[in-house]
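[1] can't give you the sequence, but here's the structure:
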């Protein structure tokens, strides 16, 4: 759980079971900046700590195995690939704002840079650039998207080639903003739609795309009444954002299902390799509540 230096373990029915780690710098401990928790090779659990710049590995039984230092500058995100290579999202500092900058970098098990992928904008990197979102596939490829563009690209992590690009033209989504997009404060200016996440249903051949849009009842807030910084823990994100989930058939490139939810959803991949969505809220007494959905498709494009 980001902010607490620990990982919370729940059963499939939502029952809390145990915690892993705790705030600290010792073996099996974490800072308050955990950026990824994922199941890796042989069902090991990987935890990436941005502030400590290290990877902690737990066994399938959730016992501590080892801690590895990461030889990268603090990345936006890190994925451990099945062959234990690393996919790192972030900037190679020597190329920041360069014409050929890429957003994702593959490192070998010996931490050598093998290739870079993910150029999905024109010109130099925008100063107000917002990180891309991505989903790693089992066939050594990665789907990526710019947050301000509904343009989904698939890249080979073996050759670096772009394999597929899907462009969704929707009247409700803003146009091409790849060159210097403007980012407003969503509490004082009505937020424009942007891609919050994407995940591939690997067995079904679908892409699930999550887009943040302004809440139907959105209105400007007086920031003097809000705690700072504005985070899900101290601000009502569900009163600022709604979420639109669209399911795209990869072969036909058609939207086969669409659902708008009155909550600020986030997307993850479940242990069974399928998309999961969750929202975060806090009760009046300050107790955090996480609601989790496991969506699926029924029939020809009907979502349940």
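    Nice, I can see it. Note that the structure is predicted; figures quoted are calculated from it, not measured.
[2] count of neighbours near residue 141?
    The local packing of residue 141 (other C-beta atoms under 10 Å) involves 19 other residues. In short, each C-beta sits where N, CA and C put it, glycine included.
[3] scratch that, residue 291 is what I was asking about
    12.
[4] helix or strand for it, which one?
    strand 288-293 (DSSP states H and E).
[5] by contact count, what packs against that strand?
    In terms of contacts (3 or more C-beta pairs under 8 Å, 6 or more residues apart in numbering; DSSP states H and E), strand 288-293 is packed against strand 275-282.
[6] Output the contacting helices and strands for the strand it packs on.
    Using 3+ C-beta pairs under 8 Å, 6+ apart as the test, strand 275-282 ends up in contact with strand 266-269, strand 288-293.
[7] With adjacent residues omitted, what lies nearest to residue 205?
    residue 250 (5.1 Å; C-beta to C-beta, 6 or more residues apart in numbering).
[8] same check, this time on residue 170
    Per C-beta to C-beta, 6+ apart, closest to residue 170 is residue 150, 6.4 Å.
[9] and what of residue 211?
    Distances taken as C-beta to C-beta, 6+ apart put residue 244 closest to residue 211, at 4.5 Å, once the chain neighbours are dropped.
[10] Is that neighbour part of a helix or strand, or is it coil?
    Taken by DSSP: H, G, I helix; E, B strand; the rest coil, the conformation at residue 244 corresponds to strand.
[11] distance of it from residue 185?
    For residue 244, the distance to residue 185 (C-beta to C-beta, to the nearest Å) stands at 21 Å.
[12] ok, those two, which is more surrounded?
    Remark: of residue 244 and residue 185, residue 244 carries more neighbours, 19 against 11, as counted by other C-beta under 10 Å.
[13] what pairs with that one across the strands?
    Bridge pairing for residue 244 (DSSP bridges) gives the partners residue 211, residue 260.
[14] And it, how close does it get to residue 278?
    In terms of C-beta to C-beta, residue 244 sits 16 Å off from residue 278.
[15] which SS state does residue 238 fall under?
    Per three-state DSSP, the local secondary structure of residue 238 is helix.
[16] count of residues packed around it?
    18.
[17] Next one, pLDDT for it please.
    Reading off the confidence values, residue 238 has pLDDT 85.
[18] wait, it sits on residue 281?
    Yes. Counting by C-beta atoms under 8 Å, residue 238 touches residue 281, with 6.1 Å between them.
[19] which residue ranges form the strands in the stretch 151-300 of the chain?
    In the stretch 151-300 of the chain, the segments counted as strands under DSSP state E, counting those that start in this stretch are 151-156, 162-167, 194-201, 206-214, 241-249, 254-261, 266-269, 275-282, 288-293, 297-298.
[20] can you give me how far the fourth one is from the chain middle?
    Relative to its parent chain, strand 206-214 has a centroid offset of 12 Å by C-alpha atoms, centre = their mean, to the nearest Å.
[21] ok, now the first one?
    Chain-centre distance of strand 151-156: 15 Å, with C-alpha atoms, centre = their mean.
[22] one step back: within the sheet, what are the partner strands of the strand holding residue 291, with directions?
    Counting by DSSP bridges, strand 288-293 is paired with strand 275-282 (antiparallel).
[23] Could I get the buried residue list for the partner strand?
    275-277, 279-280 (16 or more other C-beta atoms under 10 Å).
[24] Check stretch 240-258 too.
    240-250, 257.
[25] Can you list the low-confidence ranges for the stretch 201-304 of the chain?
    For the stretch 201-304 of the chain, the stretches flagged by pLDDT under 70 are 202-203, 224-235, 298-304.
[26] at 90 what do you get?
    Residue ranges of the stretch 201-304 of the chain with pLDDT under 90: 201-206, 220-240, 267-276, 278-304.
[27] quick revisit: confirm for me that the residue nearest to residue 211 is in contact with residue 213.
    Yes. If you go by C-beta under 8 Å, residue 244 and residue 213 touch, sitting 5.6 Å apart.
[28] Residue 66 touches residue 57, doesn't it?
    Yes. In this structure residue 66 lies within contact range of residue 57 using C-beta under 8 Å: 5.2 Å.
[29] Can you give me the pLDDT of residue 192?
    At residue 192, pLDDT is 87.
[30] helix/strand/coil for residue 68?
    strand.
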